[in-house]
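[1] Compute the structure for the input listed below.
(2 chains)
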2 protein chains.
Amino acid sequence: MHKQNSPIFLGLLLSICTVTAAAEKAEHFSRADLAAATTLRERAFADATAYQLVESLTTEVGPRAAGSPGDKAGVAWALREMQRLGFANVRAVEAIVPHWERGEAEFAVLAPFPQTMPTLALGGSIGTGSEGIDADAVIVRDLAALAALPAGAVKDKIVFFSNRMERTRDGAGYMKAVPVRASGPSAAAALGAVGVVIRSISTSDSRFPHTGTTRYTITAPRIPALAISNPDADALVRQFESGKPVRLRIRSSSRDLPQVRSANVVGEIPGTDRASEIVILGAHLDSWDPGVGALDDGAGVAIMMGVAKLIKELDVKPRRTIRVVLFANEEFGTSGSLAYLAANEAQVANHVLGFEADFGAGPVWRLASRVDPAQLPVVDQIFRALAPLKLVRGNNTALGGADLDALSKRGMPIIEPGLDGTTYFDVHHTANDTLAQVDPKALRQSVAAFAVSVWLGAQYSGSWERVTTDKPPRR
Amino acid sequence: MHKQNSPIFLGLLLSICTVTAAAEKAEHFSRADLAAATTLRERAFADATAYQLVESLTTEVGPRAAGSPGDKAGVAWALREMQRLGFANVRAVEAIVPHWERGEAEFAVLAPFPQTMPTLALGGSIGTGSEGIDADAVIVRDLAALAALPAGAVKDKIVFFSNRMERTRDGAGYMKAVPVRASGPSAAAALGAVGVVIRSISTSDSRFPHTGTTRYTITAPRIPALAISNPDADALVRQFESGKPVRLRIRSSSRDLPQVRSANVVGEIPGTDRASEIVILGAHLDSWDPGVGALDDGAGVAIMMGVAKLIKELDVKPRRTIRVVLFANEEFGTSGSLAYLAANEAQVANHVLGFEADFGAGPVWRLASRVDPAQLPVVDQIFRALAPLKLVRGNNTALGGADLDALSKRGMPIIEPGLDGTTYFDVHHTANDTLAQVDPKALRQSVAAFAVSVWLGAQYSGSWERVTTDKPPRR
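    As a prediction, the model looks like this:
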């Protein structure tokens, strides 16, 4: 009691007073819960935990592609850090992951103007054999343009997809451009092509090729597929525009190795009166190999661990259990997410609300959701608690991230503090995904936005209803 | 005469009227010359030649390191383009150049936290042999810190130089930081080190290592030297800060090959009454190999050729001869420049004024000089003719570029339209030196600034005096 006159106490009192006006109308949260939300928001802006975590993960582990030694090191790091932060029930839960090894790759224009260009094999691409492939090339804009070519046009050719991704804040440009990477190789192979080169699904004008998974169909031959950066794609377009025949050479030693045991890493802040209800916080521990996975998804890992740490440090315990799940292998087929679902099949309905951070280091600019429409007023009140962050109020059609997609399709509501992706695809899936790309200030703001949303989601006085509408595909 | 009422004639008349007020005070230039300067400035902003040249050079030739196939292709390109633009006396003048081949390079931290990082061998660095070098590492900030270490401190070690280059507009930060690259390897070798890794002499936070020449002394053993990017240097510093011993692995297959014949490429706009006096416009045709040499020095090549093209298109001919010299091998010892001097030893005094563009694509922000102080009023009047470009008036201690340094040391005056280098060292000597980094608008402004300055330099009514003061070294 002798601390009643301390600055900390006065600050807290002031915070409580500040939110009193808003709390008068509160139906869904207690005044104490709203006051704690304010505390969380304020502490997030003063807390270095998230940045320290992404710094530690990128420095001490670095690249952690599924199945690689870094993958194992990432799991060990996460277990250690969750224990250090005092999370409960910290555990690694096995997940089988693919093990594709990049090897080396070369891309060269042989004619009309010989040049080599930096390249990355698409994730999962087969290799070329050590001799590589020399072939004449055909340029097409996208999948539709490929399909519109006359029969035989790409037979024994290398197909170059030239379409450029559009920069957007919410990732819409990526969703629009990425089918070329996912489906282009098999689509071209089905027409007789011997290789594919794509303009990187990237917004950067720097010379970083962009990797990411390609998905072979079972009906077309598997052919090698590489990506080149935007400035090199521009240069290759100019070579085609010369009107002279373009001949390319590709070589890649990438290959599939046997699957490997990895793990989702789980830690909790246990709930109290509604402890059996789980608010799940998802991010993924794996990364692509060329960078160190700072933005994708070190930042998401750091945001979710930072949020749980701040909630743990509150004087009050959450009503529902907050479970951080750092998924294995988001990048290459989300096998970590699928393993989680399989292991928790009996508890799907206990996952009452989901949050995912897999879109960089922020800042958060929007609050969207996918909840039962009757519960939109609850989201509205969370939005009001976030008022100092000046977010945009998004709609109720949030797709969420890839790792919670399966749970979301099974009816789990999602609240989505939207990370600003305007520059995310300058870095994502490239060698340039390093700590230098993480803005510490934006990261703190993101932790603040997630912490308030997660906390109130865990404290909601009613019950989160299942979402019964069909969910559209993420792509 | 029937064209007197044409829009072109009226535009010219208007231009002449516009400058009349300023020309009243003119002592050094005729009204017609000042009017032509205005015409050049205006046409430069409407002329796509320079951009088309750098586009063509980077697309059709690409990297053109001294001695490489691209070097030869660059010479052929320059001869063809100078002839196409109608320059006079177009010729290739032999210059012997070194031929260092980069090969491949690897850099890995073995302990405490294993990671590989992108790397580039420094230009001229010897290779490691295929087995590479594993050694414990010592971190030092710079050459002074290395010299201050106790005896034996770097014996059998790899030395990591950690100092970060400062961003400046005029390149001062580069001049301050670059001695580590030039002298660090031999300085460390003299103390017993077995290899050197430097933080790139670069201002970029992107993951592009930066190459450039290192200079072995004849007294120290030659040891391999690599550069890593700023974000990786930061990560390596953090590994040292862990307090645990740092062990590194370097491998490089770079090697020296026999010297090769290359050439300076020369073309002229012949003078009239002072035709024997040469105003030399220097840029360099070679580039480092990781990028395509768009900023370094495709832009300089393009600016100088664009300037000469605009002057050629004037109705009036220059009084002095304007000679564009695209030097071979600026990057690796300026042997092209030295060959030019040797071939022109008897005509050194005929080189009455020099301009060099080797600092990116602009814009020009300053007008500096190194002229006889009695002739500063001439530079002042050129500065006034550039008034619409809102430049800063620099001083009279311009160092000029590397290729004209020898002529400048022999007393040739220099006028220096200063290219803004604020972001130049984000790109310079990296794989990211591509056409995407050239701002077409800035390039046109640079052509305008150079065209006005070169033209007036060629028309000056007096005689350019030799500069008799000692010139300080460029580094």
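[2] Identify the residues contacting stretch A:135-142?
    A:146, A:149, A:153-154, A:156-163, A:179-180, A:193-195, A:197, A:236-237, A:240, A:245-248 (C-beta atoms under 8 Å, 6 or more residues apart in numbering or on different chains). Just so you know, the C-beta spots here come from the backbone N, C-alpha and C atoms, and that holds for glycine as well.
[3] Chain B contacts on chain A?
    A:55, A:58-63, A:69, A:113-115, A:118, A:205-208, A:230-232, A:234-235, A:238-239, A:291-292, A:431-432, A:434-437 (C-beta under 8 Å from any C-beta of the partner chain).
[4] please redo it, this time with the cut-off set to 7 Å
    Applying C-beta under 7 Å from any C-beta of the partner chain, we find that chain A lies next to chain B at A:59-60, A:62, A:113, A:115, A:118, A:205-207, A:230-231, A:234-235, A:238-239, A:431-432, A:434-436.
[5] So, low pLDDT: which residues of the stretch 51-200 of chain A?
    Scanning the stretch 51-200 of chain A for pLDDT under 70 picks out no residues.
[6] What segments of it are helices?
    Using DSSP state H, counting those that start in this stretch, the helices of the stretch 51-200 of chain A run over A:69-84, A:143-147, A:172-177, A:179-190.
[7] need these in CSV with mean neighbour count, can you?
    Output for the helices of the stretch 51-200 of chain A, formatted as CSV (neighbours: other C-beta atoms under 10 Å in any protein chain shown):
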stretch, mean neighbour count
helix A:69-84, 19
helix A:143-147, 15
helix A:172-177, 18
helix A:179-190, 23
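[8] picking up where we left off before, which of the residues of chain A next to chain B count as buried?
    Buried by 16 or more other C-beta atoms under 10 Å in any protein chain shown: A:59-60, A:62, A:113, A:115, A:118, A:205-207, A:230-231, A:234-235, A:238-239, A:431-432, A:434-436, out of the residues of chain A next to chain B.
[9] I figured A:Arg100 hits A:Gly123, correct?
    One correction, residue A:100 is Trp, not Arg. Yes - judged on C-beta atoms under 7 Å, A:Trp100 makes contact with A:Gly123 at a distance of 6.3 Å.
[10] Give me the common contacts of these two.
    Any residue near both A:Trp100 and A:Gly123 by C-beta atoms under 7 Å, 6 or more residues apart in numbering or on different chains counts here, and that gives A:Phe332.
[11] And A:Arg393, how close does it get to A:Asp33?
    21 Å (C-beta to C-beta, to the nearest Å).
[12] And A:Met305, by the same measure?
    Shown here: A:Met305 relative to A:Asp33, a distance of 22 Å by C-beta to C-beta.
[13] go on, A:Arg169?
    Taking C-beta to C-beta, one finds A:Arg169 at 31 Å from A:Asp33.
[14] Now intersect the residues of chain A next to chain B with the helices, please.
    Residues of the residues of chain A next to chain B located in helices (DSSP state H): A:Asn230, A:Pro231, A:Asp234, A:Ala235, A:Arg238, A:Gln239.
[15] Can you show me the CA trace of the strand or helix carrying A:Val352 as CSV?
    A:Val352 belongs to strand A:351-356 when assigned by DSSP states H and E. Provided in CSV are the C-alpha atoms of strand A:351-356 (Å, rounded to 0.1, in the frame of the first residue of the first chain):
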residue,chain,number,x,y,z
HIS,A,351,-10.0,-23.2,-30.8
VAL,A,352,-12.4,-20.4,-30.3
LEU,A,353,-10.5,-17.5,-31.9
GLY,A,354,-7.4,-17.2,-34.1
PHE,A,355,-4.7,-14.6,-34.8
GLU,A,356,-1.9,-15.0,-37.3
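[16] helix or strand right after that strand?
    strand A:364-370.
[17] What's the mean pLDDT across that following strand?
    The predicted model assigns strand A:364-370 a mean pLDDT of 98.
[18] Starting from it, tell me which strands it pairs with and how they run.
    Looking at strand A:364-370 with DSSP bridges, its partner strands are strand A:392-393 (parallel), strand A:414-419 (antiparallel).
[19] Which of those strands has the highest mean neighbour count?
    strand A:414-419 (a mean of 26; mean count of other C-beta atoms under 10 Å in any protein chain shown).
[20] any residues touching that strand, and which ones?
    A:170, A:353-355, A:357, A:359-360, A:362, A:364-370, A:379, A:382, A:394, A:398, A:400, A:404, A:408, A:446, A:449-450, A:453, A:457.
[21] what inclination does that strand have with respect to strand A:351-356?
    10 degrees (axes from the mean of the first three to the mean of the last three C-alpha atoms, to 10 degrees).
[22] Now strand A:414-419: average pLDDT?
    The model assigns strand A:414-419 a mean pLDDT of 98.
[23] Stretch A:39-46 now?
    Here the average pLDDT along stretch A:39-46 is 98.
[24] Residues in contact with that stretch: which ones?
    Contacts for stretch A:39-46 (C-beta under 7 Å, 6+ apart): A:Ser15, A:Leu310, A:Ile311, A:Leu314, A:Pro388, A:Arg444, A:Val447, A:Ala448, A:Ala451, A:Val452, A:Trp455.
[25] From the residues you listed, keep the buried residues only.
    Among these, those scoring as buried are A:Ser15, A:Leu310, A:Ile311, A:Leu314, A:Arg444, A:Val447, A:Ala448, A:Ala451, A:Val452, A:Trp455 (criterion: 16+ other C-beta under 10 Å).
[26] B:Tyr424: which of the residues you listed is nearest?
    A:Arg444 (32.8 Å; C-beta to C-beta).
[27] Pull the contacting residues for the closest one.
    Counted by C-beta under 7 Å, 6+ apart, A:Arg444 has contacts A:Ala44, A:Phe45, A:Asp47, A:Ala50.
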